[in-house]
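Undergrad: Make a model of this:
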Amino acid sequence: MATATFQGVLAGANNQDRPFAVVDKRDARIYVFDARGRLAGASAVLLGIAPGDFSVGIDRAPASLSRAERTTPAGRFEARPGRNDKGEDIVWIDYAASLAIHRLRPAAAQERRPARMASPTPDDNRISAGCVIVPVAFYESVVAPTLGGDASVVYVLPETHPARSMFEALDLELL
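TA: Model prediction:
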């Protein structure tokens, strides 16, 4: 499905000559492209702990969200580089929802975040409050230089709804 989305973005110029990323939640992977559609890199990611394609729309601290509220919503997002509350550079996918692409940070050992990210299947990559978490080296070598300089577009593929229905209004030519 990520390939179909990538082709649809380019065919319809939906990225508006901006770099873009496709997050495939079913495979727990991100694909980052420059503005001309050349693949800058791909990586495993960590995603929201709860499956689902819609944000719960809660306006409070991510730490206060219940397990069921910790989703990575699907859709097309106008992304912008910025900083989080710790001053780290990140790429905001949806600032109002506190949704971003950011580096893997230290966490409680029982969360096994590095091992989850390195696992061969996407089954255990669900651990975040909803953000798309990437390895530090991938963030610094691919995300920051490609998406972190100016506006970009992030497409998060759905996992519980058909992609065609979620992206239909965007005129993406999905296969």
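Undergrad: residues in contact with E78?
TA: Counting by CB atoms under 8 Å, 6 or more residues apart in numbering, E78 touches A151, V153. Every C-beta, even on glycine, is put in place using the N, C-alpha and C of the backbone.
Undergrad: would it count as being in a strand?
TA: Yes - under the criterion used here (DSSP: H, G, I helix; E, B strand; the rest coil), E78 sits inside a strand.
Undergrad: if I look at the closest residue to Y155 other than its chain neighbours, how far off is A107?
TA: Counting by CB to CB, 6 or more residues apart in numbering, V22 is the residue found nearest to Y155 once chain neighbours are left out, at 4.9 Å. Going from V22 to A107 by CB to CB, to the nearest Å gives 26 Å.
Undergrad: same thing with S98?
TA: 17 Å.
Undergrad: higher neighbour count, the two?
TA: S98 (20 against 14; other CB atoms under 10 Å).
Undergrad: The more buried one and N15: what is the separation?
TA: Taking CB to CB, one finds S98 at 24 Å from N15.
Undergrad: Look up how far Q110 lies from P122.
TA: 20 Å.
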